[in-house]
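In: sequence and predicted structure, then a few things I'm wondering about:
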Amino acid sequence: MNLELIQLLRCPACGEVSLRAVDFSEDGRSEIYNGVVMCGSCPAWYPIEDELLELLAGALAYRDDRRRFWDQHSGRLTALGLTWDSTDLDQVRMAPQKHQQAHSDWYADNTLQTYSDYERLPFWQAVDAVTVSCWKEYLGQQQLVLDLGCAQGRSTSTLGDLDIRVIGFDVSKALVRQAMRREDRAQWRARTTFFVGDAARLPFRDEAFHAVLVYGVLHHLADPQSTVRDIARVLTPGGFCFALENNKTILRVIFDLLQRALPAWYEEAGEHALMSVSELEEWFRSAGLTAEVETSIFVPPHLLNLLSPSTGEWIVRRTDRLLRSVALTRRQGGLVRATARKCARSDEAFQRPTADPLA
């Protein structure tokens, strides 16, 4: 874990910013391989094991891993004044996230379809190429970007060629481990740091990030509107939020019928599985963000999966351009894409880059 991360975090148990990292190796490196992050305002502590920080509290904490970590380092932890069970939170409130965590851990490695298999579907390769290209022009060199719900590095990898810094986190430890290994193999230009955390309650200080990427994550959360407000809180003035979600569309019935007959992937969405353009616009507006929201993908995923990724991308770009120009269909794409900005001044309006990447 990079020590710079501590300067961005706040405790998920109490919300305070008085966190301190202790390196068990005591060799003065900027990276901690094994150690602990402890809160100065409450009894909570969070293990760092094999470079990975698990910043989870209550029911989301990996109890077996923590017990093993405690048994291995009990002398050091006790000397720091820490006790074994110190992160108790409302179990009922955290139940939806616990369910999502279990599904994500399963999706990391199973015999049916892994998340990496899901990412490699021609449909999603086309979507990723079309969608992220719309956002890259908004990012400046060395800006700090939060990848909220990074999974196994899929969304982070789409920004890997940029000269930026990325903090990626996910509630699934198994997926985050895969993201770390992926970054090691790929050697992205972007500087990345990954940890395990909960998107339902962002564990970050105010105004910490120049941009937040929330790529198909809001529909997994129990209260996505609350997370949108949290995103606005952690954005710097003038910062951007980039979001992609499932759209409430009259075309959804076609996808649902195909999915029941021949599942293309296996998803566990929350109560807000679908989000309309007007709904997202209102969430961003009420959070103090100015947003441009539009729909994308008017071709069934099952059809695009029969094609090559490059052919699928070609079709998606042209059908998007055509059907977004027609009043009756412009809001009926299967996905809804948002580019939202936190204004630097109260009278400042949203402006696209000169290159107009949304075109």
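Out: Thanks, I have the structure now. Only a predicted model underlies this, so the values are computations on that prediction, with no experimental measurement involved. Numbers count the residues shown, from 1 in each chain.

In: sec struct for Asp193, please.
Out: Just to correct that, residue 193 is Thr rather than Asp. Secondary structure state of Thr193, per DSSP: H, G, I helix; E, B strand; the rest coil, is strand.

In: likewise for Gly15?
Out: Using three-state DSSP, the structure places Gly15 in coil.

In: for it, grab phi and psi.
Out: When read as degrees, to the nearest 10, the backbone of Gly15 gives phi 80, psi 0.

In: what about it, how many neighbours?
Out: 12 (other C-beta atoms under 10 Å). To be clear about C-beta, it is placed using only N, CA and C from the backbone, and glycine gets the same treatment.

In: and the worst-scoring helix or strand of the chain on mean pLDDT, what's buried?
Out: Counting by mean pLDDT, DSSP states H and E, the chain has its least confident helix or strand at helix 252-261, which shows a mean of 90. By 16 or more other C-beta atoms under 10 Å, the buried positions in helix 252-261 come out as 252, 255, 259.

In: for those residues, give me JSON lines that also has distance to Asp117.
Out: JSON lines is the format used below for the buried residues of helix 252-261 (distance: C-beta to C-beta, whole Å):
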{"residue": "Arg252", "distance to Asp117": "24"}
{"residue": "Phe255", "distance to Asp117": "19"}
{"residue": "Gln259", "distance to Asp117": "16"}
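
In: look up phi and psi at Thr114.
Out: Backbone torsions for Thr114, taken as degrees, to the nearest 10, come to phi -90, psi 170.

In: could you measure from it over to Arg154?
Out: From Thr114 over to Arg154 the distance is 11 Å, taken as C-beta to C-beta, to the nearest Å.

In: the two: who's more crowded?
Out: Higher neighbour count among Thr114 and Arg154: Arg154, with 23 against 17, using other C-beta under 10 Å.

In: how near is that one to Asp128?
Out: 8 Å.

In: between these two, what contacts are shared?
Out: By the contact definition C-beta atoms under 8 Å, 6 or more residues apart in numbering, Arg154 and Asp128 are jointly contacted by Glu119.

In: could you chop the protein up by domain?
Out: Residue ranges for the domains of the chain, per automatic domain parsing: 3-89, 96-342.

In: comparing those by mean pLDDT, which bottoms out?
Out: In terms of average pLDDT, domain 3-89 trails the rest of the domains of the chain, at a mean of 91.

In: show residues contacting the biggest helix by length in the chain.
Out: Counting by DSSP state H, the longest helix found in the chain is helix 63-79. Outside helix 63-79, the residues that touch it by C-beta under 8 Å, 6+ apart are 22, 24, 34, 36, 45, 47, 49, 54, 84, 173.

In: between those, identify the one with the most neighbours.
Out: Neighbour counts for these, by other C-beta under 10 Å, peak at Trp45, which reaches 26 neighbours.

In: so that one makes contact with Gly35?
Out: No. The pair Trp45 / Gly35 is not scored as a contact, 10.4 Å apart, by C-beta atoms under 8 Å.

In: common neighbours of those two, please.
Out: By C-beta under 8 Å, 6+ apart, no residue touches both Trp45 and Gly35.

In: what's the burial count for Arg341?
Out: Arg341: 23 surrounding residues under other C-beta under 10 Å.

In: can you pull the phi/psi pair for it?
Out: When read as degrees, to the nearest 10, the backbone of Arg341 gives phi -130, psi 140.

In: tell me the SS of the closest residue to Glu281 other than its chain neighbours?
Out: Ranked by C-beta to C-beta, 6 or more residues apart in numbering and with sequence neighbours excluded, the top spatial neighbour of Glu281 is Val293, at 5.2 Å. On the three-state scheme (three-state DSSP), Val293 is labelled strand.

In: report the beta-bridge partners for Val293.
Out: Ala338 (DSSP bridges).

In: touching, it and Leu335? I think so.
Out: No. Between Val293 and Leu335 there is no contact under C-beta under 8 Å: 11.2 Å.

In: quick one, the host helix or strand of Arg181 and helix 63-79 angle?
Out: Under the criterion of DSSP states H and E, Arg181 resides in helix 173-186. Computed with axes from the mean of the first three to the mean of the last three C-alpha atoms, to 10 degrees, the direction of helix 173-186 lies at 80 degrees from that of helix 63-79.

In: okay, helix 173-186 in CSV with CA atoms only?
Out: Output in CSV follows, covering the C-alpha atoms of helix 173-186 (Å, rounded to 0.1, in the frame of the first residue of the first chain):
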residue,chain,number,x,y,z
LYS,A,173,-11.0,-8.6,-2.0
ALA,A,174,-10.7,-11.3,-4.6
LEU,A,175,-11.3,-8.9,-7.4
VAL,A,176,-9.0,-6.3,-6.0
ARG,A,177,-6.2,-8.9,-5.8
GLN,A,178,-6.8,-9.6,-9.5
ALA,A,179,-6.6,-5.9,-10.3
MET,A,180,-3.2,-5.6,-8.5
ARG,A,181,-1.8,-8.6,-10.5
ARG,A,182,-3.2,-7.1,-13.7
GLU,A,183,-1.5,-3.8,-13.1
ASP,A,184,1.8,-5.6,-12.4
ARG,A,185,1.6,-7.4,-15.8
ALA,A,186,0.3,-4.5,-17.9
